[in-house]
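Sequence and predicted structure are below.
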Amino acid sequence: MKKFAASCMPFLLGSFLTLSLGSCNQDQKTAGTLDTPTSGTIKISADESFQPVVEAQLSVFHRNYKNAKVTASYKPEGQVIQDLLQDSARVVIVSRQLTPPELKVFENAKITPRVTRIAYDGVALILHPENRDTLLSLPQLKEIFTGKASSWKQVNPASTLGDITIVFDNNNSGTARFVQDSITGKQPLSQKAYASQSSPAVIDYVAQNKNAIGVIGTNWISDFDDSTVVGFINRIKVVAVGRKTAPTDPDSYYQPYQAYLVQGNYPLRREVFTISREARAGLGTGFVSFVSGDKGQRIMLKAGLAPARGVVRLVEVKK
């Protein structure tokens with residue numbers, strides 16, 4: 001625990017906002033108008049919680065278009081938005097749209113950012129395998145994340161566990177912002193909330209600490225054909241979330257898996273967007289078109305997310 005605490009900082013929610021745009025990025029300087037929707041070199045920036053599916057998208061895109069090179073950086077949401085504002089990234093992938101002050105930056109620069117919804121994801125809550133409190137309601141989660149419930153006994157009097165430790169992936173992360181927007185009602189987070197270095201680090205910590213609850217993007221645990229994901233799942237438990245104060249039926253709780261994301265049943269579902277500042281049909285436009293097109297949406301489906309486009313067939317198996 002000491003080693004982990006020393007390597008992470010108390011969680012401070014905030015976002016970066018630069019009210020002036022930087023000069024054109026290096027990609028545009030060197031490539032000029034030479035890059036096309038299927039060739040050239042650009043940089044993009046993505047929320048770290050979407051890294052697995054973005055890597056999958058880039059792998060297929062590069063196999064299809066040999067003359068294209070899209071280099072992705074994975075960062076907390078606040079830094080990703082900063083990259084877009086400062087022209088360090090042509091395209092970003094995040095779980096929110098731009099705020100009015102951010103839009104004003106582009107308006108002043110006479111740039112119209114293009115926003116494309118590409119998928120539905122979820123914010124997943126994970127626990128140590130020995131934690132039996134795997135069914136939690138939104139009211140219970142609000143008490144946990146605001147610190148009103150500081151121990152597992154306050155959540156469940158029968159629990160044998162101690163004080164709750166909350167672990168996020170990063171400072172200024174999209175998952176942390178989502179928790180404050182959708183669970184705490186903008187109230188400050190618990191004093192026992194910490195930020196780790198990455199989503200895998202959150203999983204590692206939760207797997208080793210019985211009292212922890214971790215917050216990650218579903219993308220890290222949704223592709224059951226991925227051996228890394230299977231390894232993660234085998235080390236932790238995933239919380240099923242209910243909307244009501246005290247649901248009497250276990251079927252009122254939902255885990256952040258594809259069918260429940262598609263149907264909108266999972267309470268902590270979120271949208272995934274690409275935001276492009278590209279003023280012409282360059283490689284950024286080509287990559288966004290790929291991700292939002294048939295092949296890209298099939299990759300979303302394969303990754304266990306809910307595609308933003310296309311029909312997903314849900315099959316009910318009767319026992």
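Nice, thanks for sending it over.

Show residues contacting the longest helix along the chain.
Counting residues, the longest helix found in the chain (DSSP state H) is helix 51-64. Contacts to helix 51-64, defined as Cβ atoms under 8 Å, 6 or more residues apart in numbering, come from residues 46, 68-70, 72, 74, 93, 119, 199, 219-220, 223, 226, 229, 287, 290-291, 295-296, 299-300, 302-303, 305. From N, CA and C alone the C-beta is placed, and that goes for glycine too.

Show the subsequent helix or strand relative to that helix.
Sequence order places strand 68-75 as the next helix or strand after helix 51-64, per DSSP states H and E.

quick one: buried residues of that following strand?
68-70, 72, 74-75 (16 or more other Cβ atoms under 10 Å).

what packs against that strand?
Counting by 3 or more Cβ pairs under 8 Å, 6 or more residues apart in numbering; DSSP states H and E, the packing neighbours recorded for strand 68-75 are strand 40-47, helix 51-64, helix 283-292.

and the angle for the helix or strand following it with strand 40-47?
Next helix or strand after strand 68-75 toward the C-terminus (DSSP H and E): helix 77-85. Inter-element angle recorded for helix 77-85 and strand 40-47: 150 degrees (by axes from the mean of the first three to the mean of the last three Cα atoms, to 10 degrees).

could you dump helix 77-85 to PDB, C-alpha only?
This file holds the C-alpha atoms of helix 77-85, laid out as PDB (Å, rounded to 0.1, in the frame of the first residue of the first chain):
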ATOM      1  CA  GLU A  77      -9.100  13.300 -20.600                       C
ATOM      2  CA  GLY A  78      -8.000  16.800 -19.500                       C
ATOM      3  CA  GLN A  79      -4.700  16.500 -21.300                       C
ATOM      4  CA  VAL A  80      -6.300  15.000 -24.400                       C
ATOM      5  CA  ILE A  81      -8.600  18.000 -24.800                       C
ATOM      6  CA  GLN A  82      -5.600  20.300 -24.200                       C
ATOM      7  CA  ASP A  83      -3.800  18.500 -27.100                       C
ATOM      8  CA  LEU A  84      -6.700  19.300 -29.400                       C
ATOM      9  CA  LEU A  85      -6.900  23.000 -28.300                       C
END
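
looking at it, residue 223 is touching residue 301, isn't it?
No: the criterion here is Cβ atoms under 8 Å, and residue 223 misses it with residue 301 at 10.3 Å.

Of the two, which one has the most company?
residue 223 (20 against 16; other Cβ atoms under 10 Å).

tell me the SS of that one?
Put simply, residue 223 is coil when judged by DSSP: H, G, I helix; E, B strand; the rest coil.

And it, its phi and psi?
As for residue 223, its main-chain torsions (degrees, to the nearest 10) stand at phi -100, psi 100.

Give me the distance between it and residue 38.
Residue 223 sits 27 Å away from residue 38, going by Cβ to Cβ, to the nearest Å.

pLDDT below threshold where in the protein?
1-33, 246-248, 250, 310-319 (pLDDT under 70).

Tell me where it has helices.
Counting by DSSP H, the helices of the chain are 2-7, 26-31, 51-64, 77-85, 100-108, 138-146, 152-155, 174-182, 199-208, 227-233, 258-263, 283-292, 294-302.

So which elements touch the shortest one?
Looking back up the chat, that one is helix 152-155. helix 138-146.

Which positions within the helix it packs on qualify as buried?
Across helix 138-146, burial judged by 16+ other Cβ under 10 Å covers 140-146.
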